[in-house]
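A.B. asks: pasting the sequence and the predicted coordinates here, then a few questions.
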Amino acid sequence: MPIVLITDFTCEIHDEDGELNTVKFTYQYQDRRTYLPTDYLSVDHDRIFTAPFNPTYN
């Protein structure tokens, strides 16, 4: 999993009934690289084309 860095945040606290307190933040990923989802890595991706294509290209 990529590491996320919180770069800025604000808190808004309300004392009135029915008002919700909020926390807003901005973030960035520690690395600039993209990560593949874990479920993508668990599937066999040996073949270039799937069944609808001609077997010549597999």
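C.D. replies: Received, thanks. Numbers count the residues shown, from 1 in each chain.

A.B. asks: please make it C-alpha for all contacts and neighbour counts, starting now.
C.D. replies: Fine.

A.B. asks: got any ranges where the chain has weak pLDDT?
C.D. replies: Applying pLDDT under 70 to the chain flags residues 35-38, 40-58.

A.B. asks: please repeat the previous calculation with a cut-off of 90.
C.D. replies: Using pLDDT under 90 as the threshold, the predicted model of the chain has low-confidence ranges 1-3, 16, 29-58.

A.B. asks: going by residue numbers, what spans are helices in it?
C.D. replies: For the chain, the helices defined by DSSP state H cover 38-41.

A.B. asks: in it, which spans are strands?
C.D. replies: Secondary structure of the chain (DSSP state E): strands at 4-12, 22-29.

A.B. asks: can you list those in a markdown table and add mean neighbour count and distance to Asp39?
C.D. replies: Formatted as a markdown table, the entries for these read as follows, by neighbours: other CA atoms under 10 Å; distance: least, CA to CA, whole Å:
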| stretch | mean neighbour count | distance to Asp39 |
| --- | --- | --- |
| strand 4-12 | 10 | 20 |
| strand 22-29 | 10 | 20 |
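
A.B. asks: in contact with Gln28, which residues?
C.D. replies: Remark: with contacts taken as CA atoms under 8 Å, 6 or more residues apart in numbering, Gln28 is in contact with 4-7.

A.B. asks: try it again at 7 Å.
C.D. replies: 4-6 (CA atoms under 7 Å, 6 or more residues apart in numbering).

A.B. asks: next one: Tyr27
C.D. replies: If you count contacts by CA under 7 Å, 6+ apart, Tyr27 has them with 4-7.

A.B. asks: if we use 6 Å, what do you get?
C.D. replies: Residues in contact with Tyr27 (CA atoms under 6 Å, 6 or more residues apart in numbering) are 5-7.

A.B. asks: going by distance to Arg32, which of those wins?
C.D. replies: Sorting the contacts of Tyr27 by how near they are to Arg32, with CA to CA, puts Leu5 at the top with 12.1 Å.

A.B. asks: quick one: the closest one from Thr34, how far?
C.D. replies: 15 Å (CA to CA, to the nearest Å).

A.B. asks: Gln28 too?
C.D. replies: Summarising the geometry, the distance separating Gln28 from Thr34, computed by CA to CA, is 12 Å.
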